[in-house]
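In: Just a sequence and a predicted model for now, questions to come.
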Amino acid sequence: MYELKTKPNDSSVIEFIEKVENPKKREDAYQLLDIFTETTGYEAKMWGTSIIGFGSYHYKYKSGHEGDAALVGFSPRKAKISLYFAPGDTKREDLLQDFGKHTTGKGCVYINKVADIDVEVLKELIMQSITFLQEMYPN
């Protein structure tokens, strides 16, 4: 059976952020930590070795594959900062129009720095993602 690598663990979020080499990216990570914590009301937790996640939900696909994932999160990676939102949420595209400089993947939005984006839109994206996932996967 497939084993998920990205699981919540007891590693220190602060220690992880402190290891971010680029000082500006480290500063942005602390700013995002504050924004996500304030907006979600959830405590930050490490998911795997490099994702800072907030809250969680249990999903089960039609294929039978199931697992747990963070509701939202971010990772200050070397190239860009990855923001993790719900895949498949159609309202995300509308919000991203006013977000600022970014690129997107399936469940990720990539930014270079927090200064490039509208923080209020980020808060809306966070809340929209949580609402979408909680409706799609009620407890």
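Out: Received it, and whenever you're ready, just let me know what you need.

In: and residue 83, that one's in a strand?
Out: Yes. Under DSSP: H, G, I helix; E, B strand; the rest coil, residue 83 falls within a strand.

In: what sits against it?
Out: 32, 72-74, 108-111, 122, 125 (Cβ atoms under 8 Å, 6 or more residues apart in numbering). From N, CA and C alone the C-beta is placed, and that goes for glycine too.

In: One more pass at 6 Å, please.
Out: 74, 109 (Cβ atoms under 6 Å, 6 or more residues apart in numbering).

In: how about low-confidence regions in this protein?
Out: 1-5 (pLDDT under 70).

In: repeat that with 50
Out: Across the chain, the ranges flagged by pLDDT under 50 are 1-2.

In: ranges for the helices of it?
Out: Listed in chain order, the helices of the chain (DSSP state H) span 13-18, 23-40, 91-96, 119-136.

In: what's the burial count for residue 66?
Out: Applying other Cβ atoms under 10 Å, we find 11 residues neighbouring residue 66.

In: Tell me the bridge partners for the residue nearest the centre of the chain.
Out: Compute the mean C-alpha point of the chain, and by Cα atoms, centre = their mean the closest residue is residue 73, 2.0 Å away. With DSSP bridges as the criterion, residue 73 is bridged to residue 53, residue 84.

In: so it touches residue 51, yeah?
Out: Yes. Counting by Cβ atoms under 6 Å, residue 51 is a contact partner of residue 73 at 5.1 Å.

In: Residue 32 and residue 89, how far apart?
Out: 19 Å (Cβ to Cβ, to the nearest Å).

In: more neighbours, those two?
Out: residue 32 (23 against 19).

In: quick one: contacts for the more buried one?
Out: Residue 32 neighbours (Cβ under 6 Å, 6+ apart): residue 74.

In: before we move on, the earlier item: mind checking which of the helices of the chain is nearest residue 60?
Out: helix 119-136 (10.7 Å; Cβ to Cβ).

In: Am I right that residue 70 is in contact with residue 48?
Out: No. The pair residue 70 and residue 48 fails to qualify as a contact (Cβ under 6 Å) at a distance of 9.9 Å.

In: of those two, who's got more company?
Out: Neighbours were counted for residue 70 and for residue 48 using other Cβ under 10 Å; residue 70 has more, 25 against 15.
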